[in-house]
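1. How does the following fold in three dimensions:
(chains A and B)
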There are 2 protein chains.
Amino acid sequence: MALIVQKFGGTSVGTIERIERVADKVARFRDEGHDIVVVVSAMSGETNRLIGLATDILPEGPTPRELDALVSTGEQVTSALLCMALHKRDVGARSYNGSQVRILTDDSHTKARIRHIDDVKLRGELTQGNVVVVAGFQGVDENGNITTLGRGGSDTTAVALAAALKADECQIYTDVDGVYTTDPRVVDGARRLEKITFEEMLEMASMGSKVLQIRSVEFAGKYSVPLRVLSSFEDGPGTLITMEEDAAVEAPAIAGIAFNRDEAKLTVLGVPDIPGVAYRILGPIGEANIEVDVILQNIGEDGKTDFTFTVGRGDLARSQDILSQTVTELGALELRVDSKIAKVSVVGVGMRSHAGVASLMFRALAEVGVNIQMISTSEIKISVIIEEKFLELAVRTLHSAFELDAEPEEQPTAV
Amino acid sequence: MALIVQKFGGTSVGTIERIERVADKVARFRDEGHDIVVVVSAMSGETNRLIGLATDILPEGPTPRELDALVSTGEQVTSALLCMALHKRDVGARSYNGSQVRILTDDSHTKARIRHIDDVKLRGELTQGNVVVVAGFQGVDENGNITTLGRGGSDTTAVALAAALKADECQIYTDVDGVYTTDPRVVDGARRLEKITFEEMLEMASMGSKVLQIRSVEFAGKYSVPLRVLSSFEDGPGTLITMEEDAAVEAPAIAGIAFNRDEAKLTVLGVPDIPGVAYRILGPIGEANIEVDVILQNIGEDGKTDFTFTVGRGDLARSQDILSQTVTELGALELRVDSKIAKVSVVGVGMRSHAGVASLMFRALAEVGVNIQMISTSEIKISVIIEEKFLELAVRTLHSAFELDAEPEEQPTAV
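-> Predicted coordinates:
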C-alpha cells in the first residue's frame, strides 16, 4: 500500500463524462489499497471564462487579489464534483480548497510561492480511509487572502503536497502518455521513456513544457518526490521522473532530442572588445523582461568582436528596438537579426561519463549537410542553433544516431 | 455618516452590466461618507448551473458537504467581480467569502444556521476606508468545512452582518421597489408602504416571500436591525421594516392584504369526538414533512365532529394518501378534498387596538357575495379561506374597505 498524489489537469476534467472517468481511475487505485490525494485543475475553459468576466470590467487588468478570489473558484468546483463522482462509486472522498488544507503561500497574488503545507487535516482524512480531493493552483497567505500560484500551479500543488506528505509517488495525468525521446510528430520512431532524471527533464524543457511545468519539476527534484507522467485517457505506466541514482546504471547516454522553433537570433557585429560589453548589450534587454537563451561571444580580433544571442521570436522586434540604440552607443558596426532559426538539443545525464557525445552529434549533422550556427553546452545538454528549415532533418538524424529508436534493455515497471 | 449593509440578489448582479450598475450605487453611498458592507448572491443562473453539474453526476441528490463547496463558489465569483467594478470607480474594496469573514455556522450542510460572526476583519477594512464585499449564503463550520444557509441565505447573511456590526440599516435590494399594501397585479390601487413592522412583514408572508425570506425578517426582528427593501434598478426610498415602537403612532390599523392561491383543503367528516383525534390525524402528516396551514375543528354533535385543515397544493395528493388510511383507522365517515380554494388575510399591528377589523372584513366580503369557508386569526392577522374564483374580488374589496388606496398622512423618509 502506497501513498499516491494524483494530479488531473483541465482537459482531463473538462466535462462531467471526463470527471466520471477520472473517478473510475481514482477508485481503481483506492481499491488496490492505496492512500490517494487527488489534485484537480479547473474544468478546461472555466479559468478563461472567469478571466473574461474580469477583463470585461477592467480591460487594463483586474486587481490581483480579486482575480485570485475569482479564478480560484474554478478548481473548487472541480474538486467538489470529483468527490460526488467518487461517492457515486461508494468511495469516501472529501474536497479541500487551498485555504482548508492550509497551503500557506507568500502574498504575491497571481504568482504566489508555497511556504508551508499543513498536513494534519489531510492525514486525518487518509486515516479515515477517505480520498482527499484538493483544489489545485491555490493557497492562502498569512492574512487569509486567497492566492494563486500562476501557470501550471496545479502541478506545483501536487508536487508540494507529495513532498509534505512524503508520498511514494506523484502522478501527473496529462493528455500524453509520458515523456518521449523526441516529438513523435517529427520522428516516427520516437519512443516513450520508462524513466528520466529530473535534470534531463529540465533540459528537455522544449518538450517538457508541454507535459509538465518546469517549476514543478524543479520542486519535485528539490524534495526528491518521484514524479510520474501518465495519460488520463489510456492506461499505461507513463514515464517516471526520478533521481539519477534511481535510474538504471546502464541507462543509455542520451535520454532524448529536444528542440525549439521559437527562437530568433540577434548579432551585434564589430563590438569593441572591452570589459563590460556583454552587460551593456544584455542589460537593457533584461530590464525589458526579455528572456535570453543562448549567448555567444566570438574571440575578438583587432580589438573588435561579434556578440550573438537568441530570444523568443515574440520578443525579436522589441529586442531590435532596444539594441539599435545600444549599437550606436557602443560604436558597433552593425546589427543583424535572423528569425529563421531553430535550436536542437541532445540531453542526457549519461553524457557526463560517456565521451564523444558532442563529436557524434556534430558528425551526424555534418553528414546530412546541416550547418551549425551556434553551439551551447551544459553538463547534460548540447544545443546547436541551425537554420529552421533543417529542423526536422536534424532531429530525425540525431534520434537515429543516438539509437533512441530502439528500446533499452532494462524495463522498469510502474507502481 | 452611517454604517450600512447592502444586499444585492442574483438578478441585480446577473450580468456584468448589472454589476457595474450596482457598483455605481455603492460608490454613490460611499461618496456620501457612509461605511458600506455589501453582500452579494451568485449571478442569476449560476447556482442552477452548478447544481446541474452536480445532479448530472448524482441525480438522486449530491452529497451535501460537496454541494456546499460547489455552489458557494457562485457568490465568491460575484464578490470578486463587484470589487473589480468598484476599483474601476476608484473605490477601495475587498472581497471576503464566508470562511474569510469568519461566519461560523453549525454543520448542517445546505441549511446551516449562523452561530457567530467575527467582526474584526470587517471593522479593520472599514477603518481603512474600504468597502467590504461579502459572498452571501455561506459560512464555515468549526472544522473549516464550507456550509451554505439554504434558500434566501444571502438575505440572512446581510441581516446577520448588520446585527454583528450594529449597522444603522440593512438594505435589501430586489427587483421590486418596496413592500405593497397588496399585489399590484391584482389591485390597481396597491400602494408602496413607507414603513411596516417586522410582525406585519412576517404575516404578509404570501407577498413578503417574493420580497424577503421570512427567516431573515425574523432574524432582523430578533436583533432589531432596521431593514429596508429597495429596488436595484430604480432610485427610491423603498419600505423600511422596523420595530413597532418606531412606527408612526397614528399608523393605519391595517398594513396590507395578503393572499395565497397555493392552498388545498382536506376535511375528515364524522370523526369520533375523543381526545387525541387531532394528533392522530395530523401526526402522520407532520411525519411526512408536509406543512399544515389553517386547522379547524368544529364543535362536535352526537360524539362526532368534522376536522379540516389546509396544505400546499403540491402536498395534496400525498396528504390524501396518508389520510385515507387514518380515516379507516378512526372509523370516520368520509374524506373530502378541495383544491380550488385560496386564503386572503388582513394584516396589521393596528388591529390590536382598533376593534371592529374582523367585522368590517366579514361585512365587506358578504356585501360582494364572497362566502367564507374557514376563518383563522392571530393577534395581528385575520385569514379567511374562500373559493379560489373569488380571490381577486375579495382582495380588491378588502383593499378599498380598509382605505389602503389612500396615502397615509405621515411620510417617513429614507436614510
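
2. can you list the domain ranges for chain A.
-> A:3-174, A:257-401 (automatic domain parsing).

3. Figure out which of these is closest to chain B.
-> Nearest to chain B, of all the domains of chain A, is domain A:3-174, at 3.7 Å by CB to the nearest CB. Where you see a C-beta, it was placed from the backbone N, CA and C, and this is true even at glycine.

4. now do the same end-to-end measure for that closest one.
-> End-to-end distance for domain A:3-174: 20 Å, by CA to CA, to the nearest Å.

5. next one: stretch A:169-184
-> End to end - CA to CA - stretch A:169-184 spans 26 Å.

6. which parts of that stretch are buried?
-> A:169-174, A:176-183 (16 or more other CB atoms under 10 Å in any protein chain shown).

7. what about it, distance to the chain center?
-> 11 Å (CA atoms, centre = their mean, to the nearest Å).

8. same question, stretch A:14-28
-> Offset of stretch A:14-28 from its chain centre (CA atoms, centre = their mean): 25 Å.

9. buried sites along it?
-> A:14, A:16, A:18, A:19, A:20, A:21, A:22, A:23, A:25, A:26, A:27.

10. Next: stretch A:43-57.
-> Neighbour-count burial for stretch A:43-57 [16+ other CB under 10 Å]: A:43, A:44, A:46, A:47, A:50, A:53, A:54, A:56, A:57.

11. Max pairwise distance over those residues: which two?
-> A:44 and A:57 (23.3 Å; CB to CB).

12. Note down every partner strand of the top strand by length along chain A and its orientation.
-> In chain A, assigned by DSSP state E, the strand with the most residues is strand A:256-272. Looking at strand A:256-272 with DSSP bridges, its partner strands are strand A:304-311 (antiparallel), strand A:334-347 (antiparallel).

13. continuing past the one helix or strand residue A:147 maps to, what's the next helix or strand?
-> With secondary structure defined by DSSP states H and E, residue A:147 is part of strand A:146-148. Following strand A:146-148 in sequence order, the next helix or strand is helix A:153-164 (DSSP H and E).

14. For the closest residue in space to residue A:152 that isn't next to it in sequence, which residues are in contact?
-> Using CB to CB, 6 or more residues apart in numbering or on different chains and skipping the chain neighbours, the partner closest in space to residue A:152 is residue A:213 (2.7 Å). By CB atoms under 8 Å, 6 or more residues apart in numbering or on different chains, residue A:213 lies in contact with A:151, A:152, A:155, A:156.

15. Derive a ChimeraX selection command for the buried subset of those.
-> One line in ChimeraX is enough to select the buried ones among the contacts of residue A:213; burial here means 16+ other CB under 10 Å:
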select /A:152,155,156
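
16. What is the three-state secondary structure of residue A:241?
-> With DSSP: H, G, I helix; E, B strand; the rest coil as the basis, the three-state label of residue A:241 is strand.

17. per-residue confidence for it?
-> Per-residue confidence at residue A:241 stands at 90 (pLDDT).

18. Am I right that it is in contact with residue A:228?
-> Yes - using CB atoms under 8 Å, residue A:241 is in contact with residue A:228, at 7.1 Å.

19. can the buried residues of stretch A:14-28 go into JSON lines with extra columns for secondary structure, pLDDT and distance to residue A:320?
-> Output for the buried residues of stretch A:14-28, formatted as JSON lines (DSSP: H, G, I helix; E, B strand; the rest coil; pLDDT from 0 to 100; distance: CB to CB, whole Å):
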{"residue": "A:14", "secondary structure": "coil", "pLDDT": "96", "distance to residue A:320": "40"}
{"residue": "A:16", "secondary structure": "helix", "pLDDT": "97", "distance to residue A:320": "49"}
{"residue": "A:18", "secondary structure": "helix", "pLDDT": "96", "distance to residue A:320": "44"}
{"residue": "A:19", "secondary structure": "helix", "pLDDT": "97", "distance to residue A:320": "47"}
{"residue": "A:20", "secondary structure": "helix", "pLDDT": "97", "distance to residue A:320": "51"}
{"residue": "A:21", "secondary structure": "helix", "pLDDT": "96", "distance to residue A:320": "48"}
{"residue": "A:22", "secondary structure": "helix", "pLDDT": "97", "distance to residue A:320": "47"}
{"residue": "A:23", "secondary structure": "helix", "pLDDT": "98", "distance to residue A:320": "52"}
{"residue": "A:25", "secondary structure": "helix", "pLDDT": "96", "distance to residue A:320": "49"}
{"residue": "A:26", "secondary structure": "helix", "pLDDT": "97", "distance to residue A:320": "51"}
{"residue": "A:27", "secondary structure": "helix", "pLDDT": "97", "distance to residue A:320": "56"}
